[in-house]
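Q: Below: sequence and its predicted model.
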Amino acid sequence: MWQNWALSLYNKIFGKFPGTGSSETAGKSWAEFFIESVIRVFGFSTIGFVLLIFLFLLKEGLPALWEVAPGNLFGTRWYPTFNMFGTLPLILGSAYVTIAAIVIALPLGVTTAVFVREVAPQWAREILKPLIEVLAGIPSVVLGFFGMHVIAPMLRSALGVPTGLSAFTGAVILAYMSLPTIISVAEDALDSVPKSYRDAALAMGATRWQTIWRVTVPAARSGVAMAVMLGMGRAIGETMAVMMVTGNAARMPLSAGSLFMPVRTMTATVAAEMGEVANGSVHYHTLFGIGIILFILTFMINILAASAIFKKQRKGGLR
Amino acid sequence: MEILSYSRDKKCRPSAFRLRFASFAVCLVLFIGIGVLCGCGKSKPQDVTGSASGAGTIENKGSDTLVNLALAWAEEYMEVHSNVSISVTGGGSGTGIAAMINGTVSIANASREMSPEEIRAATDCGIEPVGFVVAYDAIAVVVSLSNPLERLTFRQISDIYTGKIINWAQVGGENRPIVLLSRESNSGTHVYFLENVIRMGNYRSKLLFSPDTLLMPSSEGISSEIRQNPNAIGYDGLGYVTEDQKVIAVSKDDNGPFVVPSAKTVKDRSYPIARPLYMYTAGRPAGQMKDYIEWILNGGQTLVAKLGFVPL
């Protein structure tokens, strides 16, 4: 009985068990079976690794919940040397920088995508597209260095703020880093809008601008939303550049003008402190706890992005 | 950061890692050893002093401030004396001194003098600790070159860093907001500055850095911000201060004397944010260990400035 059950389960996961196939194709099917299994194992291992990483995060991070009093853990002061583990300024800091980055990057990214896909002549598109992809290849530490030495001093003197190492500088750098993602995904979305839509709009007497703004972009909005989500996922997880330009002061970014004051993000905190922390200490567990929060946030953002894709597919595609 | 600046010297990097690894194992054994003995005197330190041939192991443990310097010394010394192996571990001055009293290490690194209790514990065990000042560590308070301010008292620095004073005009400067820069809170310099300057050496004080303090991950972060921002104030090891920063004269008392840190003022102890760094041995060192300590006090001093400390 159980053999049958095991066999059917096996067949379900790995395809048909080779012994049960017809005898003349046995040689061939063994090779096929082998290759298929390898591919399957590779495919499933990705999920396995993510699960293992999450389990590891939980194992190392959850003890923080009972080692640190809740009032302390969600307090407003982060000073681990003196057992103050308030993660609120860090969570708000990450949220602040990420949202500001998206607010900057969204109009820039979408308009660039519209220009590249809808307005630019063929030769300009052929130059622009690879250039935008090159943008994605710039190492974040280089951008961080650039931000620290060029953008921060520039913003300080231009805006008359006390220091250029602020949430805004971080947001500008992050916007720049998430632009390539937003542009290429949004451009793909615009690309998949059927030509008949544009033709119909133009035939109705719409101008080119009206066609783009009222027909093409709305038709591609789920793709644009996905672009923004992916850009956001890129921004919230970014570490090095953010650590170099945001000033890393764990203050609550609630007062007016906080945008132009320093903040400390979750990623920068983990990166700056993990190297020196005693293995297994309360501080160590709290840093992993921050890792859990980051993991869940990026996971949720990716799910939202994925649901945008699936929605588009259910409609049967727009092409 | 200390680790980073140290590994700049590429050629000694692999051995540094090997050393750390070895010292890790040694550390583990030591901990177990301490736990079992939990007293003193029964075990003798690995006797390098007796072997006239000069071959042997020197164990070196203690202050985290000193650990990179001690590592650099050990590596340079071992390059010339290939028959000696020196292992260096951190853990803090107290840990190192306790290990020396228990007889598990031959040299204790300390960023402070031994306390009377520690000396009594050592003599109870029949050990006469001998201290050597091996280098000085000074912390300079720096501002931008365009800041007209020349001097500050401890009280003013404390008020600035705790957020009580937020404008340079309150300490006799221009009407500008103050931007606070500090090293990350896990740096030894950060803790030393907090305890000795912000809390002014008062151990009951609960003062902390203001939450508005910018915690820079590196000395380079501090110097680049100081260089271009006239609002900024920062502090760092004297060895990390570059030409394009202005070093502030500091006074421990409210009305002077104000002293600028330099090799001279650090050595005559008139500069208040400085401390000698020590190595303690159990009894007068002899043989290989004597040679090592003597080399540190003479030939090894060239490394001191390189690592950001003040040589003897």
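A: Received it, and whenever you're ready, just let me know what you need. Numbering: from 1, shown residues only, chains lettered A, B, ... in the order given.

Q: ok, which residues in chain B are in contact with chain A?
A: Residues of chain B found near chain A (CB under 8 Å from any CB of the partner chain) are B:176-179, B:184-186, B:190-191, B:208-209, B:211-217, B:221, B:224-225, B:228-229, B:231-232. Glycine gets a C-beta too; all of them are placed from N, C-alpha and C.

Q: by contact count, what packs against the biggest helix by length in chain A?
A: Using DSSP state H, we find that the single longest helix of chain A is helix A:26-61. Where contact means 3 or more CB pairs under 8 Å, 6 or more residues apart in numbering or on different chains; DSSP states H and E, helix A:26-61 is packed against helix A:2-14, helix A:282-314.

Q: buried residues in the longest one?
A: Neighbour-count burial for helix A:282-314, counted by 16 or more other CB atoms under 10 Å in any protein chain shown, picks out A:282-295, A:297, A:301, A:304-305, A:308, A:312.

Q: ok so, going back, mind checking the pLDDT average for the longest helix of chain A?
A: Taken as a whole, helix A:26-61 has an average pLDDT of 89.

Q: which element is A:Ser196 on?
A: Secondary structure from DSSP states H and E places A:Ser196 in helix A:195-203.

Q: Kindly export that helix (C-alpha atoms) in PDB.
A: Extracted C-alpha coordinates of helix A:195-203, given in PDB (Å, rounded to 0.1, in the frame of the first residue of the first chain):
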ATOM      1  CA  LYS A 195       0.200  48.900 -31.200                       C
ATOM      2  CA  SER A 196      -3.500  48.900 -32.000                       C
ATOM      3  CA  TYR A 197      -4.200  51.000 -28.800                       C
ATOM      4  CA  ARG A 198      -1.900  53.700 -30.100                       C
ATOM      5  CA  ASP A 199      -3.300  53.500 -33.600                       C
ATOM      6  CA  ALA A 200      -6.800  53.700 -32.300                       C
ATOM      7  CA  ALA A 201      -6.000  56.700 -30.100                       C
ATOM      8  CA  LEU A 202      -4.300  58.500 -33.000                       C
ATOM      9  CA  ALA A 203      -7.200  57.700 -35.300                       C
END
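
Q: Give me the contacts around that helix.
A: A:208, A:210-211, A:214-216, A:219 (CB atoms under 8 Å, 6 or more residues apart in numbering or on different chains).

Q: what distance separates stretch B:103-113 from the middle of the whole chain?
A: 13 Å (CA atoms, centre = their mean, to the nearest Å).

Q: three-state assignment of B:Leu215?
A: Following DSSP: H, G, I helix; E, B strand; the rest coil, B:Leu215 is assigned to strand.

Q: State the distance from it to A:Ala268.
A: Per CB to CB, to the nearest Å, B:Leu215 is found 9 Å from A:Ala268.

Q: Could you list which of the residues of chain B next to chain A belong to strands?
A: In strands, judged by DSSP state E, the following of the residues of chain B next to chain A are found: B:179, B:214-216, B:232.

Q: picking up where we left off before, format the contacts of helix A:195-203 as CSV; extra columns: distance to chain B and secondary structure.
A: Output for those, formatted as CSV (distance: CB to the nearest CB, whole Å; DSSP: H, G, I helix; E, B strand; the rest coil):
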residue, distance to chain B, secondary structure
A:Arg208, 46, helix
A:Gln210, 48, helix
A:Thr211, 48, helix
A:Arg214, 47, helix
A:Val215, 48, helix
A:Thr216, 45, helix
A:Ala219, 46, helix
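
Q: I'd like these as a markdown table, with pLDDT and distance to B:Ile157 appended.
A: A markdown table is the format used below for the contacts of helix A:195-203 (pLDDT from 0 to 100; distance: CB to CB, whole Å):
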| residue | pLDDT | distance to B:Ile157 |
| --- | --- | --- |
| A:Arg208 | 90 | 64 |
| A:Gln210 | 92 | 64 |
| A:Thr211 | 92 | 64 |
| A:Arg214 | 90 | 62 |
| A:Val215 | 91 | 64 |
| A:Thr216 | 91 | 61 |
| A:Ala219 | 90 | 62 |
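
Q: Please type out the ChimeraX selection for whichever of those turn out to be buried.
A: To isolate the buried members of the contacts of helix A:195-203 in ChimeraX, using 16+ other CB under 10 Å:
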select /A:211,215,216,219
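
Q: The helices and strands packed on helix A:26-61: lowest mean pLDDT?
A: Note on these: lowest mean pLDDT is at helix A:2-14, with a mean of 63.

Q: What angle do helix A:282-314 and the longest helix of chain A make with each other?
A: Angle of helix A:26-61 versus helix A:282-314, following axes from the mean of the first three to the mean of the last three CA atoms, to 10 degrees, is 130 degrees.

Q: and helix A:26-61, which residues are buried?
A: By neighbour count on 16+ other CB under 10 Å, the buried set for helix A:26-61 is A:29, A:33, A:57, A:60-61.

Q: Excluding sequence neighbours, find me the nearest residue to A:Val68.
A: Distances taken as CB to CB, 6 or more residues apart in numbering or on different chains put A:Phe85 closest to A:Val68, at 4.9 Å, once the chain neighbours are dropped.

Q: picking that back up, what's the first helix or strand after the longest helix of chain A?
A: helix A:63-67.

Q: contact partners of that following helix?
A: With CB under 8 Å, 6+ apart as the test, helix A:63-67 has contacts from A:73, A:85, A:282, A:285-286, A:288-289.

Q: Which of those sits closest to chain B?
A: Nearest to chain B among the contacts of helix A:63-67: A:Phe85, at 12.2 Å, using CB to the nearest CB.

Q: pretty sure the closest one is touching A:His285, no?
A: No - the pair A:Phe85 / A:His285 is not scored as a contact, 9.4 Å apart, by CB atoms under 8 Å.

Q: one step back: just the buried ones out of the residues of chain B next to chain A, please.
A: Using 16+ other CB under 10 Å, the buried members of the residues of chain B next to chain A are B:178-179, B:184-186, B:190-191, B:208-209, B:211-217, B:221, B:224-225, B:228-229, B:231-232.

Q: Please settle this for me: is A:Ile138 part of a strand?
A: No - applying three-state DSSP, one finds A:Ile138 to be coil, outside a strand.

Q: residues making contact with stretch B:223-234?
A: A:148-149, A:152-153, A:156, A:162-165, B:141-147, B:160, B:168, B:174, B:176-182, B:214, B:216, B:222, B:236, B:240-242, B:244-245.

Q: ok, the residue in the stretch 1-150 of chain A that chain B sits nearest to to B:Tyr280 distance?
A: In the stretch 1-150 of chain A, no residue comes nearer to chain B than A:Thr81, which is 4.8 Å away by CB to the nearest CB. To B:Tyr280, A:Thr81 is 26 Å away according to CB to CB.

Q: Settle it for me: which of these two has more neighbours?
A: For A:Thr81 versus B:Tyr280, the count of surrounding residues by other CB atoms under 10 Å in any protein chain shown is larger for B:Tyr280: 26 against 16.

Q: Would you check that the more buried one makes contact with B:Ala99?
A: No - taking CB under 8 Å as the definition, B:Tyr280 is not a contact partner of B:Ala99, at 10.5 Å.

Q: Overlap in contacts, those two.
A: Jointly contacting B:Tyr280 and B:Ala99 under the rule CB under 8 Å, 6+ apart are B:Ala108.

Q: Can you pull out the low-pLDDT segments for the chain?
A: Looking at chain A here, since you left the chain open. For chain A, the stretches with pLDDT under 70 are A:1-28, A:276, A:309, A:311-319.

Q: Can you look at chain B instead?
A: Residues of chain B that meet the criterion pLDDT under 70 lie in B:1-55, B:186-188.

Q: what domains does the record give for it?
A: Here the domain parsing of chain B from automatic domain parsing is B:3-136+B:277-307, B:138-267.

Q: Go through the ones you listed and name the closest to A:Val68.
A: Closest approach to A:Val68 among the domains of chain B is made by domain B:138-267 (16.7 Å; CB to CB).

Q: show me the contacts for B:Ser210.
A: B:161-163, B:180.

Q: Quick check: residues of chain A near chain B?
A: Residues of chain A found near chain B (CB under 8 Å from any CB) are A:77, A:79-82, A:89, A:148-149, A:152-153, A:156, A:162-165, A:243-244, A:247-252, A:261-262, A:264, A:268, A:271-273, A:276-277.
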